[in-house]
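Student: Please find the sequence and the predicted model below.
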Amino acid sequence: MTDKLKNDFEALNTNKDLVIGRVALEHKHMYRVWTEQGELLCEVSGKFSFQAQNREDFPAVGDWVSVKPRYAEEKGTIMTIMPRKSKFSRKSAGETAEEQIVATNVDTVFLVNSLNDDLNLRRIERYLLLAWESGATPVIVLSKADLCPDMNGKLKEVEGITFGAVPVIPISSETMSGLDNLQPYLMPGKTIALLGSSGVGKSTLTNRLLGIEKQLVQEIRLSDDKGRHTTTHREMILLPNGSILIDTPGMRELQLWESSEGLTETFTEIEKLAAECRFRDCQHKDEPGCAVVRAIEEGLVSIERLTSYIKLQKELAYIERKTDKRAQAEVRKQWKNINKQIKQRKNR
């Protein structure tokens, strides 16, 4: 807990009837909250629920919250969410433009990808984009290194989309190789989120770092090298050295939510080249003087990399349009309610 967080809480706790805690697990608007006095099962207050406008306004795993405790019942009521220093979000499944918060107040994101036939560079780019936007530091963890016959080749592929800006660490939870290279990020008081598809080894890695078999582990399907869901909910886990892991369910569908700096950080080389194009609105297709196309022709950038960049750009633009429409609809709804209240007062 930072000094700023302590000061913010003390300013809020004027009646001295609240305690500060951290959401360790969420399940259908019930929350397991860690406090200095022990774990409490909590729900949000009626006022909190009434004032919450959207799904992201409710507590998420990793949130620091103020709680009115009922120690005799081992329960409590969440009154407020303290300001978040980082937030990893994605668009929720379906057509509705709604944010789904995966984890908050994270220092480092371990983007776990398996060194098997399911290794997907385009998926890693998508994870990187969201990680940069979250405010946390991304680290690419390549699991199951003991099963990879071409380690150098795979590392070269992944490093080809990071350009040295993101650490790439191969590990094997079976042989324990590479785990020591994760230790600089697993410092006491730091929070690390594990993100990745099903079957990439997040739960096995959690068990190795924890030292016990806490998380359920299943074998991947031999037919397609894809995993089965093992973790079914997001959960905070305290490691023996005082660092905190947030294990998350495997995400097959990872839709972007919003990004500005994230796109720049993930595709640094394309953004720099685009600034050298002759035309400011260059689409990097067949325009004369396109620096990006020239770099592709010279073998400096792959066509797959540019295709991914353009695809993610379009996806973000679509989400922005959907979000704007939702915001406009909410404003119209608020004005409608205000006008309704004014008419009711006039008729009294």
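Tutor: Nice, thanks for sending it over.
Student: Just the helices from the stretch 151-300 of the chain, written as ranges.
Tutor: With DSSP state H, counting those that start in this stretch as the criterion, the stretch 151-300 of the chain has helices at 151-159, 202-210, 261-266, 268-274, 291-297.
Student: Buried by neighbour count: which residues of the fourth one qualify?
Tutor: If I follow you right, that is helix 268-274. 269-270, 273-274 (16 or more other CB atoms under 10 Å). Quick note: C-beta positions are derived from backbone N, CA and C, even for glycine.
Student: Show me what it is in contact with.
Tutor: 163, 165, 263-264, 282, 284, 291-292, 295, 300-301, 305-306, 309 (CB atoms under 8 Å, 6 or more residues apart in numbering).
Student: Those, buried ones only, as a PyMOL selection?
Tutor: Selection of buried members from these for PyMOL, criterion 16+ other CB under 10 Å:
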select buried, resi 263+282+284+291+292+295+301+305+306+309
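Student: thinking again about what came up before, now render the buried residues of helix 268-274 as JSON lines, adding pLDDT and distance to Glu56.
Tutor: Putting those into JSON lines (pLDDT from 0 to 100; distance: CB to CB, whole Å) gives the following:
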{"residue": "Glu269", "pLDDT": "86", "distance to Glu56": "32"}
{"residue": "Ile270", "pLDDT": "89", "distance to Glu56": "30"}
{"residue": "Leu273", "pLDDT": "91", "distance to Glu56": "35"}
{"residue": "Ala274", "pLDDT": "90", "distance to Glu56": "32"}
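Student: Including distance to Trp34, could those residues go into CSV?
Tutor: As requested, these are arranged in CSV below (distance: CB to CB, whole Å):
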residue, distance to Trp34
Glu269, 42
Ile270, 42
Leu273, 47
Ala274, 46
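Student: Between those residues, which sits nearest His233?
Tutor: His233 lies nearest to Ile270 out of the buried residues of helix 268-274, by CB to CB, at 36.7 Å.
Student: if I look at the closest one, how far off is Phe88?
Tutor: For Ile270, the distance to Phe88 equals 23 Å [CB to CB, to the nearest Å].
Student: The nearest residue to Thr162 once chain neighbours are set aside: how many residues sit nearby?
Tutor: Excluding the flanking residues, the one nearest Thr162 by CB to CB, 6 or more residues apart in numbering is Val168, at 6.3 Å. Using other CB atoms under 10 Å, the number of residues around Val168 comes to 18.
Student: again with Ala11
Tutor: Neighbours around Ala11, by other CB under 10 Å: 8.
Student: Against Met79, how distant is Asp281?
Tutor: Using CB to CB, one obtains 49 Å as the distance from Asp281 to Met79.
Student: Same drill for those two, tell me which one is more crowded.
Tutor: Ranked by neighbour count (other CB under 10 Å), Asp281 and Met79 place Met79 first, with 18 against 6.
Student: Where does that one fall, secondary structure wise?
Tutor: Met79 is part of strand 75-81 when elements are defined by DSSP states H and E.
Student: Output the contacting helices and strands for that strand.
Tutor: Helices and strands touching strand 75-81, by 3 or more CB pairs under 8 Å, 6 or more residues apart in numbering; DSSP states H and E, are strand 30-35, strand 38-44, helix 46-51, strand 64-70.
Student: distance between that strand and the chain's centre?
Tutor: 23 Å (CA atoms, centre = their mean, to the nearest Å).
Student: follow-up on the earlier one: please tabulate the contacts of helix 268-274 in CSV, including the columns pLDDT and distance to Pro69.
Tutor: What follows is those, written out as CSV (pLDDT from 0 to 100; distance: CB to CB, whole Å):
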residue, pLDDT, distance to Pro69
Phe163, 78, 49
Ala165, 84, 44
Leu263, 76, 43
Thr264, 75, 44
Cys282, 90, 59
His284, 89, 57
Ala291, 93, 60
Val292, 92, 57
Ala295, 91, 59
Leu300, 89, 59
Val301, 88, 56
Arg305, 87, 52
Leu306, 89, 54
Tyr309, 85, 49
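Student: Going by mean pLDDT, which of the helices of the stretch 151-300 of the chain comes out lowest?
Tutor: Here the lowest mean pLDDT among these goes to helix 261-266, at a mean of 74.
Student: what sits opposite Leu194 in the beta ladder?
Tutor: Taking DSSP bridges as the rule, Leu194 bridges to Phe110, Asp247.
Student: For it, which residues are in contact?
Tutor: Contacts for Leu194 (CB under 8 Å, 6+ apart) come out as 110, 112, 202, 205-206, 245-248.
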